[in-house]
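Trainee: Next comes the sequence, and after it the predicted model I'd like to discuss.
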Amino acid sequence: MQLGEKRVLVFGAAKSGISATRLLQKQGAFVILYDGNKKLKLEDFEKEFDIKHNFDLILGDLSDDQISTIDLLVLSPGVAIDNPVVERIRANNIPIWGEVELAYRLSKGKIIGITGTNGKTTTTAMVGEIMKTYFSQVYVVGNIGYPYTDIALETSDNSVIVAELSSFQLETIHEFKPMVSAILNITPDHLDRHHTMENYISMKENIAKNQTLSEVCVLNYEDDILRKMADRLPTNILFFSSARELKNGMYLDGDDIIYSQNGAKQTVCNINELRILGKHSYENVMAAVGIAITMGVPMDLIKKAVTSFQAVEHRIEYVETINGVTYYNDSKGTNTDASIKAIQAMNSPTILIGGGYDKNSEFDEWIEAFEGKVKCLILLGQTREKIAKAAREYGYDNIIMVDGLKEAVKISAQKAEDGDAVLLSPACASWDMFDNYEQRGKLFKEYVREML
């Protein structure tokens, strides 16, 4: 679709919607920015893009007459595809793209797409660092915080784009096709949005749906869902495993990460050379190595990059050691599987701060992971009663309820002894008390450092 002079409705006035509007205006489209928040004002956007030419702002309700004028809908990731307004637009046979699809249509270069329930931010950041050792023009975009639409027009045939893609972003792709894709793992998440596990799996699978045998999809062999998915994907498969030797792929052999090709083995690195903790981190490294090898990066550069890589902010991030107690920020642990991995990475008695927005999650497996690790559970947020009830059913009752994060940090410090760890890993989203997990993590670090 040629976008010049088309009327495009951008649904969602947050970061991705603003970026999409800027890109569309540069293409000569007439942009209608729509948001259900009636408190927004036209003046709120005057520093973001041209609000005087080829632009309109609609807040609240969207009439049938207004819908009838639209040539294309660009949907922000935060807006569900079954939103009633979206359903009305779809009923008018209007094409619906996500911001990733929009950026893809207007960009150039080689694309790496990374998704998974957990680990995708770390893996995306790591792949970005590896790519920068070998390619001159690398962009790291997507769910990691930098809209793909921001850089689409800057790209060239020599560009490498590393994109972290959420299930929300993958709902609305059509032609998007990465040179290398990766699905790190799939465990229940966002079921409040996708409704069923089958739908959630389908969204993740979308990352590879347009690939062919000319491209590669990197998958976790130890994930039952992904091992089955491999049989139906239309692309070449490269597996990684933390539990068994592979003839072709990456695997963990004792403390060594090995790359095997037709049985010929090459040691990538030893896990003791890495600066990130836990088996899940080694899986992220293996996925990144597989992507990098597929992209033609020499092994010596891959090793240098992965062994110098440090944990991304909010993912088992070391904060401070105070009075012999070590504090870790895992605010990005927004589901039980991510938080389990953080708990497993702790190597000392741990006071765990959990709870938050309820995504219809169950907490049984999370609580089972406490054994031998968690000495005290401090709960806050919308899910605190639900989690406490589940914990007591498993015989775990060393639980303290708090009303806010600052109180949680204060009580953690009181309960912790020399040699203990305090871990913020909520196993829940942040939206009940915070704008996002980043704000939650930054406040945690602020409250910890106030004790210095």
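Mentor: Sure, I can see it.
Trainee: Can you tell me how far the residue lying farthest from the centre of the chain is from residue 88?
Mentor: Using Cα atoms, centre = their mean, the residue of the chain lying farthest from its centre is residue 65. It sits 37.1 Å away. Distance from residue 65 to residue 88, counting by Cβ to Cβ, to the nearest Å: 12 Å. All C-beta spots, glycine's among them, are computed from the backbone N, C-alpha and C.
Trainee: cool, residue 253 as well?
Mentor: For residue 253, the distance to residue 88 (Cβ to Cβ) stands at 55 Å.
Trainee: circling back: ok now do the residue farthest from the centre of the chain, which residues does it touch?
Mentor: By Cβ atoms under 8 Å, 6 or more residues apart in numbering, residue 65 lies in contact with nothing.
Trainee: Find the helix or strand that it is a member of.
Mentor: Counting by DSSP states H and E, the element that carries residue 65 is helix 64-67.
Trainee: roughly how far out does that helix sit from the chain middle?
Mentor: Put simply, helix 64-67 sits 35 Å off its chain's centre (Cα atoms, centre = their mean, to the nearest Å).
Trainee: After that helix, which helix or strand is next?
Mentor: Downstream of helix 64-67, the next assigned helix or strand under DSSP H and E is strand 72-75.
Trainee: Show me what that next one is packed up against.
Mentor: Here strand 72-75 touches strand 7-11, helix 15-26, helix 84-91, strand 96-98, helix 99-106, going by 3 or more Cβ pairs under 8 Å, 6 or more residues apart in numbering; DSSP states H and E.
Trainee: Any chance of TSV for these, columns mean neighbour count and distance to residue 261?
Mentor: TSV is the format used below for the helices and strands packed on strand 72-75 (neighbours: other Cβ atoms under 10 Å; distance: least, Cβ to Cβ, whole Å):
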stretch	mean neighbour count	distance to residue 261
strand 7-11	23	45
helix 15-26	23	39
helix 84-91	14	45
strand 96-98	22	36
helix 99-106	23	30
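Trainee: now those in CSV, with distance to residue 270 and mean pLDDT?
Mentor: Below are the helices and strands packed on strand 72-75 laid out as CSV (distance: least, Cβ to Cβ, whole Å; pLDDT from 0 to 100):
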stretch, distance to residue 270, mean pLDDT
strand 7-11, 48, 97
helix 15-26, 39, 94
helix 84-91, 49, 95
strand 96-98, 40, 96
helix 99-106, 36, 96
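Trainee: Which one of those lies nearest to residue 137?
Mentor: Each of the helices and strands packed on strand 72-75 has some distance to residue 137 by Cβ to Cβ; the shortest is helix 99-106, at 15.7 Å.
Trainee: now the angle from that closest one to helix 15-26?
Mentor: Here the directions of helix 99-106 and helix 15-26 differ by 30 degrees (axes from the mean of the first three to the mean of the last three Cα atoms, to 10 degrees).
Trainee: Can you tell me what sits against helix 99-106?
Mentor: In this structure, residues lying in contact with helix 99-106 by Cβ under 8 Å, 6+ apart are 1, 16-17, 19-20, 23-24, 27, 74-77, 97, 111, 141-142, 147-149, 151-153, 163, 165, 169-170, 172-177.
Trainee: Residue 303: what's it in contact with?
Mentor: By Cβ under 8 Å, 6+ apart, residue 303 lies in contact with 268, 269.
Trainee: Quickly list the domain ranges of this protein.
Mentor: Following automatic domain parsing, one finds the domains of the chain at 7-94, 101-308, 317-449.
Trainee: Now find how far off-centre the last one is within its chain.
Mentor: On the basis of Cα atoms, centre = their mean, domain 317-449 sits 20 Å off its chain's mean C-alpha point.
Trainee: Show me what the mean pLDDT comes to for it.
Mentor: For domain 317-449, mean pLDDT is 95.
Trainee: so how far does that domain reach from one end to the other?
Mentor: Its first and final residues considered, domain 317-449 spans 14 Å by Cα to Cα, to the nearest Å.
Trainee: thinking again about what came up before, the helices and strands packed on strand 72-75 into CSV, with extra columns for distance to residue 187?
Mentor: Formatted as CSV, the helices and strands packed on strand 72-75 follow (distance: least, Cβ to Cβ, whole Å):
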stretch, distance to residue 187
strand 7-11, 29
helix 15-26, 25
helix 84-91, 27
strand 96-98, 23
helix 99-106, 23
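Trainee: Tell me which of the ones you listed approaches residue 318 most closely.
Mentor: Closest approach to residue 318 among those is made by helix 15-26 (27.9 Å; Cβ to Cβ).
Trainee: Distance from the chain centre to that closest one, please.
Mentor: The answer for helix 15-26 is 21 Å, by Cα atoms, centre = their mean.
Trainee: Quick one: residues in contact with that helix.
Mentor: Identification of contacts with helix 15-26 by Cβ under 8 Å, 6+ apart yields 3, 8, 10-11, 31, 33, 35, 45, 48-50, 54-55, 74, 76-78, 99, 102-103, 106, 147, 149-150, 152-153.
Trainee: Show the buried residues in these.
Mentor: 3, 8, 10-11, 31, 33, 35, 45, 49, 54-55, 74, 76-77, 99, 102-103, 106, 147, 149-150, 152 (16 or more other Cβ atoms under 10 Å).
Trainee: Can you show me the helices along the stretch 101-250 of the chain?
Mentor: Listed in chain order, the helices of the stretch 101-250 of the chain (DSSP state H, counting those that start in this stretch) span 120-132, 148-151, 167-170, 191-194, 197-205, 224-229.
Trainee: how about those in a markdown table, adding distance to residue 318 and mean pLDDT?
Mentor: Output for these, formatted as a markdown table (distance: least, Cβ to Cβ, whole Å; pLDDT from 0 to 100):
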| stretch | distance to residue 318 | mean pLDDT |
| --- | --- | --- |
| helix 120-132 | 14 | 95 |
| helix 148-151 | 30 | 96 |
| helix 167-170 | 29 | 92 |
| helix 191-194 | 32 | 71 |
| helix 197-205 | 30 | 92 |
| helix 224-229 | 30 | 96 |
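Trainee: quick one: which of these is nearest residue 248?
Mentor: Among the helices of the stretch 101-250 of the chain, helix 224-229 sits nearest to residue 248 (Cβ to Cβ), with 14.3 Å.
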